[in-house]
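>>> Below is the sequence, then the predicted model.
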Amino acid sequence: MSVRIRRYRRGGWEVDLRVRMPDGTERRERKRAPVSSRSAAIRWGEARERLLLAQGPPKPRKEVPSLEEVWPRFMDGHARANRLKPSGVTSKDSIGHLHLIPAMGHKRLDAITTEAVQQLKHRLRHRAPKTVNVLTVLNVLLKQAIEWEVIDRMPCTIRLLRITKGSAGFYDFDEYERLVEAAKALDANAYLIVLLGGEVGLRCGEMIALEWSDVDLGKRQLCIQRSEWRGHVSATKGGRLRYVPTTARLAAALRSHRHLRSARVICQRDGSPLTQDMVRDHVQRAARRAQLAKSGVHRLRHTFCSHLAMRGAPARAIQELAGHQDLTTTQRYMHLSPAAIEGAIRLLDQSSSAHMFGDILETAERETAKPLI
(Lines give C-alpha, C1' and ligand atoms only; values in the text may rest on other atoms or scores of the structure.)
Protein backbone atom coordinates (compact mmCIF):
# COMPACT_ATOMS: atom_id res chain seq x y z
CA MET A 1 0.00 0.00 0.00
CA SER A 2 1.34 3.42 -0.88
CA VAL A 3 0.17 7.01 -1.08
CA ARG A 4 2.19 9.28 -3.35
CA ILE A 5 1.64 13.02 -3.75
CA ARG A 6 2.67 15.14 -6.71
CA ARG A 7 1.75 18.58 -7.87
CA TYR A 8 -1.18 18.75 -10.25
CA ARG A 9 -0.36 20.59 -13.45
CA ARG A 10 -3.36 22.91 -13.07
CA GLY A 11 -2.66 23.63 -9.46
CA GLY A 12 -3.29 21.62 -6.31
CA TRP A 13 -2.15 18.05 -5.58
CA GLU A 14 -2.65 14.72 -7.26
CA VAL A 15 -2.92 11.66 -5.03
CA ASP A 16 -1.63 8.38 -6.48
CA LEU A 17 -2.99 5.40 -4.50
CA ARG A 18 -1.90 1.76 -4.77
CA VAL A 19 -3.97 -0.53 -2.56
CA ARG A 20 -3.91 -4.33 -2.31
CA MET A 21 -7.48 -5.46 -1.66
CA PRO A 22 -8.41 -8.32 0.73
CA ASP A 23 -9.04 -10.63 -2.27
CA GLY A 24 -5.43 -10.13 -3.43
CA THR A 25 -6.17 -7.80 -6.33
CA GLU A 26 -4.39 -4.49 -6.60
CA ARG A 27 -6.27 -1.26 -7.18
CA ARG A 28 -4.75 1.99 -8.35
CA GLU A 29 -6.44 5.38 -8.24
CA ARG A 30 -5.13 8.75 -9.30
CA LYS A 31 -7.29 11.67 -8.22
CA ARG A 32 -6.96 15.34 -7.63
CA ALA A 33 -7.27 16.00 -3.89
CA PRO A 34 -10.08 18.41 -2.94
CA VAL A 35 -7.70 20.30 -0.62
CA SER A 36 -4.98 22.93 -1.18
CA SER A 37 -2.02 22.04 1.09
CA ARG A 38 0.38 19.10 0.70
CA SER A 39 -0.17 17.76 4.23
CA ALA A 40 -3.96 17.93 3.81
CA ALA A 41 -3.63 16.04 0.50
CA ILE A 42 -1.64 13.28 2.25
CA ARG A 43 -4.28 12.98 4.97
CA TRP A 44 -7.03 12.86 2.31
CA GLY A 45 -5.13 10.12 0.44
CA GLU A 46 -4.70 8.04 3.60
CA ALA A 47 -8.41 8.43 4.43
CA ARG A 48 -9.27 7.36 0.90
CA GLU A 49 -7.00 4.32 1.29
CA ARG A 50 -8.76 3.26 4.50
CA LEU A 51 -12.17 3.71 2.84
CA LEU A 52 -11.21 1.47 -0.07
CA LEU A 53 -10.03 -1.26 2.30
CA ALA A 54 -13.18 -1.04 4.41
CA GLN A 55 -15.83 -0.73 1.69
CA GLY A 56 -14.14 -2.00 -1.43
CA PRO A 57 -13.99 -0.22 -4.76
CA PRO A 58 -17.05 1.82 -5.78
CA LYS A 59 -19.56 0.01 -7.93
CA PRO A 60 -19.53 1.10 -11.57
CA ARG A 61 -22.30 3.54 -12.32
CA LYS A 62 -25.05 1.80 -14.23
CA GLU A 63 -25.98 3.11 -17.65
CA VAL A 64 -29.49 4.59 -17.56
CA PRO A 65 -31.42 4.07 -20.83
CA SER A 66 -33.34 6.80 -22.61
CA LEU A 67 -37.13 6.91 -22.60
CA GLU A 68 -37.22 5.73 -26.22
CA GLU A 69 -34.96 2.77 -25.41
CA VAL A 70 -37.02 1.64 -22.41
CA TRP A 71 -40.42 2.13 -24.10
CA PRO A 72 -40.69 -1.38 -25.73
CA ARG A 73 -39.69 -2.94 -22.40
CA PHE A 74 -42.38 -0.90 -20.64
CA MET A 75 -45.07 -1.97 -23.11
CA ASP A 76 -44.15 -5.67 -22.86
CA GLY A 77 -43.14 -5.82 -19.19
CA HIS A 78 -45.95 -3.67 -17.85
CA ALA A 79 -48.90 -3.17 -20.19
CA ARG A 80 -48.99 -6.59 -21.83
CA ALA A 81 -47.53 -8.56 -18.91
CA ASN A 82 -50.26 -7.21 -16.60
CA ARG A 83 -52.89 -8.12 -19.22
CA LEU A 84 -54.34 -4.67 -19.60
CA LYS A 85 -57.34 -4.43 -21.89
CA PRO A 86 -56.38 -4.30 -25.59
CA SER A 87 -57.80 -0.78 -25.84
CA GLY A 88 -55.64 0.27 -22.88
CA VAL A 89 -52.46 -1.22 -24.40
CA THR A 90 -53.13 0.53 -27.72
CA SER A 91 -53.91 3.81 -25.96
CA LYS A 92 -50.64 3.73 -23.98
CA ASP A 93 -48.58 2.91 -27.07
CA SER A 94 -50.26 5.71 -28.99
CA ILE A 95 -49.57 8.21 -26.18
CA GLY A 96 -45.92 7.20 -26.15
CA HIS A 97 -45.35 7.60 -29.90
CA LEU A 98 -47.51 10.72 -30.33
CA HIS A 99 -46.48 12.74 -27.27
CA LEU A 100 -43.81 11.33 -24.96
CA ILE A 101 -41.15 10.00 -27.33
CA PRO A 102 -41.17 13.06 -29.68
CA ALA A 103 -40.83 15.41 -26.68
CA MET A 104 -38.32 13.58 -24.48
CA GLY A 105 -37.49 10.22 -26.05
CA HIS A 106 -33.79 11.12 -26.32
CA LYS A 107 -33.50 11.91 -22.59
CA ARG A 108 -32.14 9.36 -20.10
CA LEU A 109 -34.82 8.48 -17.55
CA ASP A 110 -32.85 10.04 -14.69
CA ALA A 111 -32.46 13.25 -16.75
CA ILE A 112 -36.21 13.87 -17.21
CA THR A 113 -36.63 16.98 -15.10
CA THR A 114 -39.70 18.75 -13.80
CA GLU A 115 -38.93 21.55 -16.25
CA ALA A 116 -39.02 19.07 -19.16
CA VAL A 117 -42.44 17.88 -17.99
CA GLN A 118 -43.69 21.47 -17.79
CA GLN A 119 -42.35 22.15 -21.29
CA LEU A 120 -44.39 19.22 -22.62
CA LYS A 121 -47.47 20.61 -20.87
CA HIS A 122 -46.77 23.96 -22.54
CA ARG A 123 -46.53 22.29 -25.95
CA LEU A 124 -49.98 20.80 -25.33
CA ARG A 125 -51.47 24.06 -24.00
CA HIS A 126 -54.03 24.26 -26.81
CA ARG A 127 -55.24 20.71 -26.23
CA ALA A 128 -57.93 19.54 -23.82
CA PRO A 129 -56.84 18.88 -20.20
CA LYS A 130 -57.55 15.17 -20.72
CA THR A 131 -54.94 15.13 -23.51
CA VAL A 132 -52.39 16.95 -21.35
CA ASN A 133 -52.90 14.32 -18.65
CA VAL A 134 -51.25 11.70 -20.88
CA LEU A 135 -48.44 12.45 -18.42
CA THR A 136 -49.98 9.76 -16.22
CA VAL A 137 -48.37 7.23 -18.58
CA LEU A 138 -44.96 8.84 -18.01
CA ASN A 139 -45.59 8.69 -14.26
CA VAL A 140 -46.37 4.95 -14.45
CA LEU A 141 -43.29 4.32 -16.62
CA LEU A 142 -40.93 6.06 -14.18
CA LYS A 143 -42.39 4.20 -11.18
CA GLN A 144 -41.99 0.93 -13.07
CA ALA A 145 -38.36 1.85 -13.84
CA ILE A 146 -37.75 2.31 -10.09
CA GLU A 147 -39.20 -1.18 -9.41
CA TRP A 148 -36.92 -2.61 -12.09
CA GLU A 149 -33.96 -0.74 -10.48
CA VAL A 150 -33.26 1.09 -13.72
CA ILE A 151 -33.32 4.37 -11.77
CA ASP A 152 -33.03 4.98 -8.04
CA ARG A 153 -35.74 7.60 -7.54
CA MET A 154 -38.32 9.74 -9.32
CA PRO A 155 -36.35 12.32 -11.28
CA CYS A 156 -39.22 14.80 -11.57
CA THR A 157 -42.58 15.92 -10.21
CA ILE A 158 -45.64 15.37 -12.40
CA ARG A 159 -48.73 17.44 -11.66
CA LEU A 160 -51.87 16.71 -13.66
CA LEU A 161 -54.47 19.24 -14.72
CA ARG A 162 -57.85 19.26 -13.06
CA ILE A 163 -60.60 17.94 -15.33
CA THR A 164 -64.13 19.25 -14.88
CA LYS A 165 -66.68 16.60 -15.78
CA GLY A 166 -69.63 18.08 -17.62
CA SER A 167 -73.18 16.83 -17.50
CA ALA A 168 -73.88 13.75 -19.61
CA GLY A 169 -76.08 14.25 -22.67
CA PHE A 170 -79.17 12.02 -22.90
CA TYR A 171 -82.51 11.65 -24.68
CA ASP A 172 -85.62 12.70 -22.81
CA PHE A 173 -88.50 10.22 -22.61
CA ASP A 174 -90.23 11.44 -25.78
CA GLU A 175 -87.00 11.56 -27.83
CA TYR A 176 -86.05 8.08 -26.71
CA GLU A 177 -89.43 6.63 -27.75
CA ARG A 178 -89.08 8.27 -31.18
CA LEU A 179 -85.59 6.73 -31.48
CA VAL A 180 -86.91 3.28 -30.54
CA GLU A 181 -89.66 3.46 -33.16
CA ALA A 182 -87.23 4.67 -35.82
CA ALA A 183 -84.77 1.86 -35.04
CA LYS A 184 -87.56 -0.72 -35.12
CA ALA A 185 -88.53 0.48 -38.60
CA LEU A 186 -84.93 0.13 -39.83
CA ASP A 187 -83.95 -3.45 -38.89
CA ALA A 188 -83.75 -5.91 -36.01
CA ASN A 189 -80.12 -5.10 -35.17
CA ALA A 190 -80.77 -1.36 -34.91
CA TYR A 191 -83.81 -2.03 -32.70
CA LEU A 192 -81.84 -4.32 -30.38
CA ILE A 193 -78.87 -1.94 -30.18
CA VAL A 194 -81.09 0.96 -29.08
CA LEU A 195 -82.87 -1.20 -26.49
CA LEU A 196 -79.64 -2.74 -25.16
CA GLY A 197 -78.18 0.73 -24.71
CA GLY A 198 -81.25 2.60 -23.51
CA GLU A 199 -82.94 -0.08 -21.37
CA VAL A 200 -80.05 -2.07 -19.85
CA GLY A 201 -77.20 0.43 -20.29
CA LEU A 202 -74.74 -1.72 -22.24
CA ARG A 203 -71.54 -0.21 -23.61
CA CYS A 204 -70.77 -0.64 -27.32
CA GLY A 205 -68.23 -3.44 -26.75
CA GLU A 206 -70.62 -5.23 -24.36
CA MET A 207 -73.37 -5.21 -27.00
CA ILE A 208 -71.05 -6.70 -29.62
CA ALA A 209 -69.75 -9.42 -27.28
CA LEU A 210 -73.19 -10.39 -25.86
CA GLU A 211 -73.91 -14.07 -26.55
CA TRP A 212 -77.11 -16.06 -26.38
CA SER A 213 -75.65 -18.02 -23.46
CA ASP A 214 -75.69 -14.72 -21.52
CA VAL A 215 -79.44 -14.28 -22.11
CA ASP A 216 -81.97 -15.86 -19.74
CA LEU A 217 -85.38 -15.17 -21.27
CA GLY A 218 -87.13 -17.11 -18.50
CA LYS A 219 -85.76 -14.83 -15.78
CA ARG A 220 -85.68 -11.84 -18.18
CA GLN A 221 -82.05 -11.24 -17.25
CA LEU A 222 -78.73 -10.61 -19.01
CA CYS A 223 -75.29 -11.62 -17.74
CA ILE A 224 -72.74 -8.98 -18.81
CA GLN A 225 -69.32 -10.60 -18.57
CA ARG A 226 -67.28 -9.68 -21.65
CA SER A 227 -66.53 -6.84 -24.04
CA GLU A 228 -65.02 -6.64 -27.53
CA TRP A 229 -62.70 -4.00 -28.94
CA ARG A 230 -61.42 -4.30 -32.51
CA GLY A 231 -61.78 -8.07 -32.50
CA HIS A 232 -60.21 -8.54 -29.05
CA VAL A 233 -62.58 -10.04 -26.47
CA SER A 234 -61.80 -9.28 -22.83
CA ALA A 235 -63.53 -8.68 -19.50
CA THR A 236 -65.88 -5.73 -19.10
CA LYS A 237 -64.61 -2.33 -18.02
CA GLY A 238 -63.59 -2.65 -14.38
CA GLY A 239 -63.39 -6.44 -14.81
CA ARG A 240 -66.66 -7.04 -13.01
CA LEU A 241 -69.44 -9.39 -14.07
CA ARG A 242 -72.96 -8.02 -13.57
CA TYR A 243 -76.53 -9.25 -13.97
CA VAL A 244 -79.09 -6.83 -15.41
CA PRO A 245 -82.85 -7.47 -15.56
CA THR A 246 -84.43 -6.64 -18.93
CA THR A 247 -87.55 -4.66 -19.67
CA ALA A 248 -90.57 -6.49 -21.11
CA ARG A 249 -89.99 -4.75 -24.46
CA LEU A 250 -86.35 -5.87 -24.66
CA ALA A 251 -87.23 -9.44 -23.63
CA ALA A 252 -89.84 -9.60 -26.42
CA ALA A 253 -87.35 -8.21 -28.94
CA LEU A 254 -84.73 -10.80 -27.94
CA ARG A 255 -87.27 -13.61 -28.17
CA SER A 256 -88.38 -12.62 -31.69
CA HIS A 257 -84.77 -12.02 -32.82
CA ARG A 258 -83.49 -15.45 -31.72
CA HIS A 259 -81.33 -17.00 -34.47
CA LEU A 260 -78.75 -19.75 -35.05
CA ARG A 261 -76.39 -17.79 -37.33
CA SER A 262 -73.94 -17.10 -34.51
CA ALA A 263 -73.39 -17.36 -30.78
CA ARG A 264 -73.53 -13.54 -30.76
CA VAL A 265 -76.89 -11.86 -30.19
CA ILE A 266 -76.29 -9.09 -32.72
CA CYS A 267 -74.38 -10.08 -35.84
CA GLN A 268 -74.35 -9.68 -39.59
CA ARG A 269 -76.43 -11.82 -41.93
CA ASP A 270 -73.54 -14.22 -42.50
CA GLY A 271 -73.05 -14.62 -38.74
CA SER A 272 -69.90 -12.51 -38.46
CA PRO A 273 -69.79 -10.05 -35.55
CA LEU A 274 -70.54 -6.36 -35.89
CA THR A 275 -67.79 -3.78 -35.50
CA GLN A 276 -67.91 -0.60 -33.41
CA ASP A 277 -68.37 1.43 -36.59
CA MET A 278 -71.35 -0.69 -37.64
CA VAL A 279 -73.02 -0.25 -34.25
CA ARG A 280 -72.47 3.51 -34.38
CA ASP A 281 -73.89 3.59 -37.92
CA HIS A 282 -77.08 1.83 -36.80
CA VAL A 283 -77.63 4.39 -34.04
CA GLN A 284 -76.89 7.35 -36.32
CA ARG A 285 -79.32 6.14 -38.99
CA ALA A 286 -82.04 5.65 -36.37
CA ALA A 287 -81.40 9.14 -34.95
CA ARG A 288 -81.65 10.71 -38.42
CA ARG A 289 -84.90 8.86 -39.08
CA ALA A 290 -86.26 10.07 -35.71
CA GLN A 291 -85.12 13.63 -36.59
CA LEU A 292 -82.85 13.85 -33.55
CA ALA A 293 -79.90 16.25 -33.80
CA LYS A 294 -77.54 14.26 -31.56
CA SER A 295 -76.71 10.57 -31.58
CA GLY A 296 -74.20 8.13 -30.15
CA VAL A 297 -74.03 4.67 -28.63
CA HIS A 298 -72.79 6.02 -25.30
CA ARG A 299 -75.61 8.58 -25.30
CA LEU A 300 -77.97 5.61 -24.99
CA ARG A 301 -76.12 4.49 -21.86
CA HIS A 302 -76.41 8.01 -20.43
CA THR A 303 -80.12 7.88 -21.25
CA PHE A 304 -80.48 4.62 -19.29
CA CYS A 305 -78.84 6.10 -16.17
CA SER A 306 -80.66 9.43 -16.52
CA HIS A 307 -84.11 7.85 -16.86
CA LEU A 308 -83.49 5.69 -13.79
CA ALA A 309 -82.48 8.76 -11.78
CA MET A 310 -85.46 10.78 -13.02
CA ARG A 311 -87.79 8.01 -11.89
CA GLY A 312 -86.29 7.94 -8.40
CA ALA A 313 -83.94 4.94 -8.52
CA PRO A 314 -81.31 5.02 -5.73
CA ALA A 315 -77.74 5.88 -6.74
CA ARG A 316 -76.46 2.53 -5.49
CA ALA A 317 -78.94 0.64 -7.71
CA ILE A 318 -77.95 2.68 -10.77
CA GLN A 319 -74.27 2.00 -10.02
CA GLU A 320 -74.86 -1.77 -9.92
CA LEU A 321 -77.00 -1.85 -13.06
CA ALA A 322 -74.63 0.34 -15.08
CA GLY A 323 -71.49 -1.39 -13.79
CA HIS A 324 -69.85 1.82 -12.58
CA GLN A 325 -66.72 1.10 -10.58
CA ASP A 326 -66.98 4.35 -8.65
CA LEU A 327 -70.13 5.86 -7.15
CA THR A 328 -68.94 9.35 -8.12
CA THR A 329 -69.56 8.39 -11.76
CA THR A 330 -73.16 7.53 -10.93
CA GLN A 331 -73.64 10.76 -9.01
CA ARG A 332 -73.32 12.71 -12.26
CA TYR A 333 -76.94 11.70 -12.90
CA MET A 334 -78.44 12.26 -9.45
CA HIS A 335 -79.21 15.96 -10.02
CA LEU A 336 -81.96 14.65 -12.33
CA SER A 337 -83.76 12.95 -9.43
CA PRO A 338 -86.44 15.44 -8.30
CA ALA A 339 -88.00 12.85 -6.02
CA ALA A 340 -84.81 12.46 -3.98
CA ILE A 341 -84.30 16.22 -3.68
CA GLU A 342 -87.96 16.86 -2.85
CA GLY A 343 -87.80 14.08 -0.25
CA ALA A 344 -84.81 15.69 1.43
CA ILE A 345 -86.56 19.08 1.70
CA ARG A 346 -89.73 17.41 3.02
CA LEU A 347 -87.64 16.14 5.95
CA LEU A 348 -87.25 19.76 7.02
CA ASP A 349 -91.01 20.24 6.72
CA GLN A 350 -91.54 17.21 8.92
CA SER A 351 -89.16 18.66 11.49
CA SER A 352 -91.03 21.99 11.50
CA SER A 353 -94.37 20.19 11.85
CA ALA A 354 -93.07 18.16 14.78
CA HIS A 355 -91.96 21.33 16.57
CA MET A 356 -95.36 22.98 15.92
CA PHE A 357 -97.18 19.89 17.19
CA GLY A 358 -94.99 19.88 20.31
CA ASP A 359 -95.79 23.54 20.99
CA ILE A 360 -99.53 22.84 20.68
CA LEU A 361 -99.31 19.93 23.13
CA GLU A 362 -97.31 22.01 25.60
CA THR A 363 -99.89 24.82 25.48
CA ALA A 364 -102.75 22.37 25.95
CA GLU A 365 -101.04 20.81 28.98
CA ARG A 366 -100.57 24.23 30.59
CA GLU A 367 -104.21 25.10 30.05
CA THR A 368 -105.32 21.79 31.61
CA ALA A 369 -103.09 22.32 34.65
CA LYS A 370 -104.72 25.71 35.54
CA PRO A 371 -106.94 25.53 38.71
CA LEU A 372 -110.68 25.90 38.20
CA ILE A 373 -112.19 29.11 39.67
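In hand now; what should we look at? Residues are numbered from 1 along each chain as shown.

>>> From the rest of the structure, what touches whichever strand or helix holds residue 101?
Of the helices and strands defined by DSSP states H and E, residue 101 is found in helix 101-104. Contacts made with helix 101-104 from outside it, assessed by Cβ atoms under 8 Å, 6 or more residues apart in numbering, are listed as 67-68, 71, 112, 116, 119-120, 123. The C-beta positions use only the backbone N, C-alpha and C, and glycine is treated the same way.

>>> right, and residue 181 touches residue 291 too?
No - Residue 181 is not in contact with residue 291 according to Cβ atoms under 8 Å; the separation is 11.5 Å.

>>> More neighbours: which of these two?
Taking other Cβ atoms under 10 Å, residue 181 and residue 291 do not tie; residue 181 has more neighbours (14 against 10).

>>> check contacts around the more buried one.
For residue 181, the contact set (Cβ under 8 Å, 6+ apart) comprises residue 290.

>>> Pretty sure it sits in a helix.
Yes - membership of residue 181 in a helix is supported by DSSP: H, G, I helix; E, B strand; the rest coil.

>>> Just the pLDDT for it.
Listed pLDDT for residue 181 reads 96.

>>> What of the one 5 residues further on?
Reported pLDDT at residue 186 in the predicted model: 94.

>>> just residue 345 next, same as before
As summarised for this prediction, residue 345 has a pLDDT of 68.

>>> Same question for residue 23.
Among the per-residue scores, residue 23 shows a pLDDT of 80.

>>> Likewise for residue 38?
Model confidence at residue 38, expressed as pLDDT, equals 88.

>>> Neighbours of residue 231, how many?
The burial metric for residue 231, expressed as a neighbour count using other Cβ under 10 Å, is 9.

>>> Quickly note the distance from it to residue 276.
To residue 276, residue 231 is 10 Å away according to Cβ to Cβ, to the nearest Å.

>>> so when I look at residue 292, I'm seeing a strand, right?
No - residue assignment for residue 292, taken from three-state DSSP, gives coil, which places it outside any strand.

>>> What number of residues are in the vicinity of it?
Number of residues near residue 292 (other Cβ under 10 Å) recorded here: 17.

>>> Give me the below-cutoff pLDDT ranges for this structure.
Within the chain, the segments meeting pLDDT under 70 span 1, 59-61, 166-167, 337-345, 347, 350-373.

>>> Give me the contact list for the helix or strand hosting residue 70.
In this structure, residue 70 sits in helix 67-74 according to DSSP H and E. By Cβ under 8 Å, 6+ apart, the residues outside helix 67-74 that reach it are 96, 100-101, 104-107, 109, 112, 141, 144-145, 150.

>>> where's residue 150 relative to residue 65, distance?
As for residue 150, its distance to residue 65 is 7 Å (criterion: Cβ to Cβ).

>>> all strands for this structure, in order.
Taking DSSP state E, the strands of the chain run over residues 2-7, 13-20, 26-32, 215-216, 221-224, 227-229, 232-234, 242-245.

>>> Columns distance to residue 162 and mean neighbour count on top of these, output as CSV?
Conversion of the strands of the chain to CSV gives the following (distance: least, Cβ to Cβ, whole Å; neighbours: other Cβ atoms under 10 Å):
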stretch, distance to residue 162, mean neighbour count
strand 2-7, 60, 13
strand 13-20, 56, 17
strand 26-32, 51, 12
strand 215-216, 42, 16
strand 221-224, 32, 19
strand 227-229, 29, 20
strand 232-234, 30, 15
strand 242-245, 31, 16
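
>>> Show me the one of those strands that comes nearest residue 76.
Proximity to residue 76 (Cβ to Cβ) singles out strand 232-234 among those, at 16.9 Å.

>>> For the closest one, which helices and strands make contact with it?
Helices and strands touching strand 232-234, as assessed by 3 or more Cβ pairs under 8 Å, 6 or more residues apart in numbering; DSSP states H and E, comprise helix 86-95, strand 227-229.

>>> Tell me which residues are up against stretch 149-158.
Stretch 149-158 has contacts (Cβ under 8 Å, 6+ apart) with 64-65, 70, 109-114, 116-117, 135-136, 138-139, 142-143, 145-146.

>>> Look at that stretch and report the distance between its end residues.
Taking Cα to Cα, to the nearest Å, the first and last residues of stretch 149-158 lie 20 Å apart.

>>> Tell me which residues of stretch 275-294 come out buried.
By neighbour count on 16 or more other Cβ atoms under 10 Å, the buried set for stretch 275-294 is 279-280, 282-283, 285-287, 289-290, 292.

>>> What of stretch 253-270?
Neighbour counts using 16+ other Cβ under 10 Å place 253-254, 264-267 of stretch 253-270 among the buried residues.

>>> So the closest residue to residue 254 other than its chain neighbours versus residue 175, what's the distance?
The shortest distance from residue 254 to any residue other than its chain neighbours is 5.9 Å, reached at residue 215 (Cβ to Cβ, 6 or more residues apart in numbering). Distance, residue 215 to residue 175, using Cβ to Cβ: 27 Å.

>>> Good, we can wrap up now.
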